[in-house]
Each structure stands twice: as structure tokens, then as C-alpha cells.
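Colleague: could you look at this predicted model? Sequence included:
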2 protein chains.
Amino acid sequence: MTPSPELSRAVLSDEIGANVRGVVSTARERARNALTEEILESARGQLATVGAAALSLRAVARDLGLASSALYRYFPSRDDLLTRLIIEGYDALGAAAEAADDPTAQPRTRWHAICAAVRAWALAHPHEYALLYGSPVPGYAAPQDTVAAAGRVGLALGRVLGDAARAGVLPPAEGRRTHLVTPAAAAGLGGEHPDLDDAVRARALLTWSSLFGLVSFELFGHFVGVLTDPDAFFTEQVGELADVLGL
Amino acid sequence: MTPSPELSRAVLSDEIGANVRGVVSTARERARNALTEEILESARGQLATVGAAALSLRAVARDLGLASSALYRYFPSRDDLLTRLIIEGYDALGAAAEAADDPTAQPRTRWHAICAAVRAWALAHPHEYALLYGSPVPGYAAPQDTVAAAGRVGLALGRVLGDAARAGVLPPAEGRRTHLVTPAAAAGLGGEHPDLDDAVRARALLTWSSLFGLVSFELFGHFVGVLTDPDAFFTEQVGELADVLGL
DNA sequence: CGACTGACGAGAGCGGTGCTCTCGTTCTGG
DNA sequence: CCAGAACGAGAGCACCGCTCTCGTCAGTCG
């Protein structure tokens, strides 16, 4: 069990040495970054076409003309590669949500825009969406990196709620002083405002999960044979959720 | 490509010959049924402990002291075994929902009871729940058998809605004559009643998917660090959904 | 400048998977 | 009773994730 000198820290933590200044110095390091990106690029393609479950390291290696063992110099395991893709996915979805949000618009319009953007992204990237919001890999414990990225969509929705409160659009809250919602989460759900109490924040979490419930049901086939016009249905129900929020 | 005489129809359609009268005649058939059940029993155990992704036919065979190839006499592929487990899962969840429903109670109480039963079942059978409502296996097309079983929970909720309408508990509907909801699905969502129009039915589908959105988020870890009391949160939000439904 | 050390890619190999094919055996219906 | 179907075992194929070793090359330090 003596630690092999072969295994360098660089494999586990991407950023080292000269790279702290954001400058890639040595040729080796440049090659390493380039190949890492090529691996991710190939893995992204696999994910998009065959899905996470069928994504294989050996296929990525074949794609790049590498020996499969060489990949382990860059990602310690298949799970680590998937984790990276998960983070990228959350980031892409969050970016799509933020791009759709016009902070100068009415809260209700913003809510509609963000929800529509989430659904559009999911329909355009079904396998990536399934990786993010489908069944987690058995025994998969989300590393701390992922939870940060995962919050981005929720934060976008939380901003809308907070801005609505500060604009005086929300109905007055009872000022309930329970604590169903964690302080950390509450901070991301619009921050402090008299019109935002624990009940309102809890309802915000309900609408958040309902949004993904709607998208997941549509994407995973639970609405097959049930809906005639998924588009119209979705926008109508997003409106219902806005009512629940008081937007 | 001449069809091998080895492959009998019995492998694909369980019910044949003397079994149509519900009577198992030959010893061979009795043995076949018994072994099929043993395979399923072992597979259920695997599913519950390691999850669907890690469920392996070879492990089941080892468990039963069989050669792995022998399993293919009973299930043509791993996917077929999983399909069987999916159907059983939907059935078990539906049974739990129905068992929790007291048709003599108030609609809102019934709604709460069914939702609580769904969540309880999911928490007690996380891997089974993930198999039903997590990401579908890539390229997996749900056989017709599964959709029937899958509807059971929805039907239970639909009965509550219909009974509420007939009891005059629901607020009057606008009588909107759109058709977002399929006639077949509408039939299961309480049937025909003046207080049940397309808008109400669509809202029912929203609350249905929201229920599973809540449960999935809790089970798949999206509420970690967000909620202090998942139980209290859930019942409160189920109440909100009941408000949306007008129960 | 040269030597050493660490990073690297290739290849073989291990144990696992789903699935197929063949081959004896055993049961069963005509 | 006997032909044919059903069956279980076993070998084998093509994959998979992952490990280990080995020769090579680059970068650093004396």
C-alpha cells in the first residue's frame, strides 16, 4: 500500500504549478490540457448519442486512437469522467436559464422564460438531462463540486422571486417563522424581505421541483398518450406554478 | 435465419396450453413456473440491494446455482427481466396508493393519504422507485404491458378528483373545450362532469407530475442541504397541490 | 550540460458482463 | 414407445472498467 510514485497529484487536481497564474508554460502541460479537452469532447459526443449508461472509456480511447489505459492518466475512473460531465451539464443548463432571463422584464414573464429555457434545453439534450435529473448512479455520492453547479438554475429562479418581492409584486407573507428551508437555501431564494417568509420559500421549492417534474415526465415518457400538445400544456402549467408563487 | 426449433413460444408468452384454464398440469410446467418465480425473487433482491444498473443475470444465476445460460430459457434478455420488475414495481406502488385511499373520506384527506403513501413507498424502495421514475434505460421503449401498470397511481388520484366533482366539492369549471388532455386520459381523470373541464384535468396532470417531482428531488438528493424537515415540507406542499386542484 | 525523476502511452492481463451455440439429458404428447 | 421439444451445463465471443509493467520522452536540478 505504499503510494506509487507514478501517481501524481496532478491527476487528481487539475490546476498545479505554473498554471496558478493562468498561464500554461511547458509543452507537456499544454499537451495535457489539449488531450484532456479532446477526451471530454469525445465523451460529450458519446453522452449525447448513446447516453451515460452506455458511455465507455474504451470507446472514447478508440475514438482518440489511444490505449484505454492512457485515459486513466487524465481521469482516475469512469465515475470521475461522468462527474465532470455532470458539472458541465449543470453549467450549461444554468447558462441557458440565465441567458433566457431578462432582469428588466416582469417577474412572471421572467419565470415563464426561464422555465421554457429549461424545458428547451432538456428536449435538446435528453441524455444530458437524464444524467442530471434521472436516477443517480447507484451509490453515487455527489461531490461538492456538483452541488455548486447544480444550484445555478435554482438561483436564477430565486433571483426572480427576490426581485418580485422587492418590486412589491408579491402578496404579503404571513411572516411565518418556521424553518423548513435551510438558511443557506433561503439566501439563494431571494434573500431577506418581509414578503418572503418560510412558507413562501417552501412554495418556491415546490414550484422548482414541479418544473423538473413536468420536464422529467415529458422526457421520460410518462405523458405519452396523455397529452395532445405538450408545448401548450407546459406553458399553461408553468402559469399555474407562477400563480402558486404569487408572481 | 431459419427459426431454431429450440426456441419455443413459451419463452416469450408465459401462458400456454393447459395453463389457459389456470391449472398447471405437467410437472415440467410446474417446475418452470417455480423456477421463474425463483429467478424473479432473486432479481428482486438484487434490485433492492444494488439497484437496477448493477443487477446482473450472472449474479442471479449464481444465486440460484444455475448456469447463466439457463436463465435465457426463462427470460429472453436482461431487459425483459427488468421490464418484468418494472411492471411489478408499478403494481406494488399502485397497490400501496390504493390501500392508503379510503373512498369514504374527504377528497382532500384522500389526496394527502395517497401522496403520503407514494412517498413512503418510494423511501422504502428507493432502487425500485428509481427504476420506475428515474432515467429510462437508453433506448428503452416501454412495452405496452408497462403503461397499463404505470397508470395505477394516476388512476387512484383521478378517482379522488372525480369523486370530489360528483360530491360538489370542486369549484365550478369554466367549461373550457380545448383538448390538451387525451380522451383516454380524461376518462381516467374522473370521467365526465361539468366541474371537470380540460383546464382542470390539465391541472390534475400538473399536480400528478409535481408529486413525483417532489419525491424524486428528495430521493435523488436535490433537496440535500435545502430542507431541514423533509416530512413536514412534503405534507405542506402536498396541501398546496391540493389547493391547486381545488380539493 | 547532463543525469535523474516523473509523466506518459502502449500493451497485456484480470475479473466481470450479456448473450450465443452446442451438446447431452430428460420429460411429454402422439 | 419413441420422436421431438424443453432443459441445464459448459465453452466461447465481444465487450467492459481497471491495474500493472515497461520502454520512452520531457523537464528540472545539480
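Modeller: It's in. No experiment lies behind these values; they were computed from the predicted model shown.
Colleague: next, the most centrally placed residue in chain A: secondary structure please.
Modeller: Geometric centre of chain A, nearest residue: A:Tyr90, 2.1 Å, by Cα atoms, centre = their mean. Classification of A:Tyr90 by DSSP: H, G, I helix; E, B strand; the rest coil places it in helix.
Colleague: I'd like the distance between it and B:Ala202.
Modeller: Taking Cβ to Cβ, to the nearest Å as the measure, A:Tyr90 falls 30 Å from B:Ala202. All C-beta spots, glycine's among them, are computed from the backbone N, C-alpha and C.
Colleague: just the strands in chain A please.
Modeller: Using DSSP state E, no strands are found in chain A.
Colleague: which parts of it sit against DNA strand D?
Modeller: Within chain A, the positions adjacent to DNA strand D are A:4, A:6, A:18, A:25-28, A:55-59, A:68-69, A:72, A:76-79 by Cβ under 7 Å from any atom of the strand.
Colleague: excluding chain neighbours, what is closest to the residue nearest to the centre of chain A?
Modeller: A:Ala149 (3.7 Å; Cβ to Cβ, 6 or more residues apart in numbering or on different chains).
Colleague: run a quick neighbour tally on the one you found.
Modeller: When counting by other Cβ atoms under 10 Å in any protein chain shown, one arrives at 18 neighbours for A:Ala149.
Colleague: do A:Asp163 as well
Modeller: 18.
Colleague: what of the one 10 residues further on?
Modeller: A:Ala173 is flanked by 17 other residues according to other Cβ under 10 Å.
Colleague: OK, contacts around it?
Modeller: Taking Cβ atoms under 8 Å, 6 or more residues apart in numbering or on different chains, we find A:Ala173 in contact with A:Pro194, A:Asp195, A:Leu196, A:Asp197, A:Ala199, A:Val200.
Colleague: got a PyMOL select line for the buried ones in the residues of chain A next to DNA strand D?
Modeller: Filtering the residues of chain A next to DNA strand D down to the buried ones (16 or more other Cβ atoms under 10 Å in any protein chain shown) takes a single PyMOL command:
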select buried, chain A and resi 55+57+59+72+78
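Colleague: A:Leu219 contacts A:Ala122, correct?
Modeller: Yes: the pair A:Leu219 / A:Ala122 is scored as a contact, 5.7 Å apart, by Cβ atoms under 8 Å.
Colleague: joint contacts of the two?
Modeller: A:Tyr129.
Colleague: who's in contact with the closest residue to chain B within chain A?
Modeller: The nearest approach of chain A to chain B comes at A:Gly213, 2.1 Å away (Cβ to the nearest Cβ). With contact set as Cβ under 8 Å, 6+ apart, A:Gly213 has these partners: B:Ser209, B:Ser210, B:Leu211, B:Phe212, B:Gly213, B:Leu214, B:Ser216.
Colleague: if I look at the last one, how far off is A:Leu245?
Modeller: Which is B:Ser216. Counting by Cβ to Cβ, the gap from B:Ser216 to A:Leu245 is 20 Å.
Colleague: ok, now A:Leu81?
Modeller: In this view, A:Leu81 and A:Leu245 are 38 Å apart by Cβ to Cβ.
Colleague: ok, A:Leu82 next?
Modeller: For A:Leu82, the distance to A:Leu245 - Cβ to Cβ - is 34 Å.
Colleague: and the two? Which one has more around it.
Modeller: Higher neighbour count among A:Leu82 and A:Leu245: A:Leu245, with 22 against 18, using other Cβ under 10 Å.
Colleague: once you drop chain neighbours, what's closest to that one?
Modeller: The nearest residue in space to A:Leu245 (Cβ to Cβ, 6+ apart) is A:Thr207, at 5.4 Å.
Colleague: which ones among the residues of chain A next to DNA strand D lie within helices?
Modeller: A:Ala27, A:Arg28, A:Leu57, A:Arg58, A:Ala59, A:Arg78, A:Asp79 (DSSP state H).
Colleague: contacting residues for the nearest residue to the fifth one once chain neighbours are set aside?
Modeller: Computed as Cβ to Cβ, 6+ apart, the closest residue to A:Ala59 that is not its neighbour in sequence is A:Gln46, at 6.1 Å. With Cβ under 8 Å, 6+ apart as the criterion, the residues that contact A:Gln46 are A:Ala54, A:Leu55, A:Ser56, A:Ala59, A:Val60, A:Asp63.
Colleague: residues contacting the residue nearest to A:Leu245?
Modeller: Applying Cβ under 8 Å, 6+ apart, the residues near A:Thr207 are A:Leu157, A:Leu241, A:Ala242, A:Val244, A:Leu245.
Colleague: PyMOL command to pick out the buried ones of these?
Modeller: Entered in PyMOL, the line below selects the buried ones among the contacts of A:Thr207, by 16+ other Cβ under 10 Å:
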select buried, chain A and resi 157+241+242+244+245
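Colleague: mind putting the contacts of A:Thr207 into JSON lines with distance to B:Pro183?
Modeller: As requested, the contacts of A:Thr207 are exported to JSON lines (distance: Cβ to Cβ, whole Å):
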{"residue": "A:Leu157", "distance to B:Pro183": "35"}
{"residue": "A:Leu241", "distance to B:Pro183": "26"}
{"residue": "A:Ala242", "distance to B:Pro183": "28"}
{"residue": "A:Val244", "distance to B:Pro183": "28"}
{"residue": "A:Leu245", "distance to B:Pro183": "32"}
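Colleague: closest to B:Asp145 among the contacts of A:Thr207?
Modeller: Comparing these against B:Asp145 with Cβ to Cβ places A:Leu241 closest, at 33.3 Å.
Colleague: report the separation between that closest one and DNA strand D.
Modeller: 39 Å (Cβ to the nearest atom of the strand, to the nearest Å).
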